[in-house]
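> sequence first, predicted coordinates after that:
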Amino acid sequence: MTQRDDQPLLFFDGAVRPDGNLVGNYCTQNQAGQCLSNYGLWSLQPIAKP
């Protein structure tokens, strides 16, 4: 996959918690790999099977 010049590069960092949830943060990066002002938190929770 290649990156287009008009699309920001996204960096995700995170961990698996003991309860199985995934949590972390993200940011957009410049070409030097430095985080820019666009950042936030993310989390994922497994879907419980019936």
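All right, it came through fine.
> drop to CA atoms for contacts and neighbour counts, all remaining ones
Noted.
> does G14 touch N21 like I think?
No: using C-alpha atoms under 8 Å as the test, G14 is too far from N21 to be in contact (10.4 Å).
> pull the contacting residues for the residue positioned nearest the centre of the chain.
By C-alpha atoms, centre = their mean, the chain has its centre lying nearest to F12, at 2.8 Å. For F12, the contact set (C-alpha atoms under 8 Å, 6 or more residues apart in numbering) comprises G24, N25, Y26, C27.
> could you rerun that using 7 Å?
N25, Y26, C27 (C-alpha atoms under 7 Å, 6 or more residues apart in numbering).
> now render those residues as a markdown table, adding pLDDT.
Output for the contacts of F12, formatted as a markdown table (pLDDT from 0 to 100):
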| residue | pLDDT |
| --- | --- |
| N25 | 96 |
| Y26 | 95 |
| C27 | 94 |
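> nearest to L44 among those?
Using C-alpha to C-alpha, the shortest approach to L44 within the contacts of F12 belongs to N25, at 11.6 Å.
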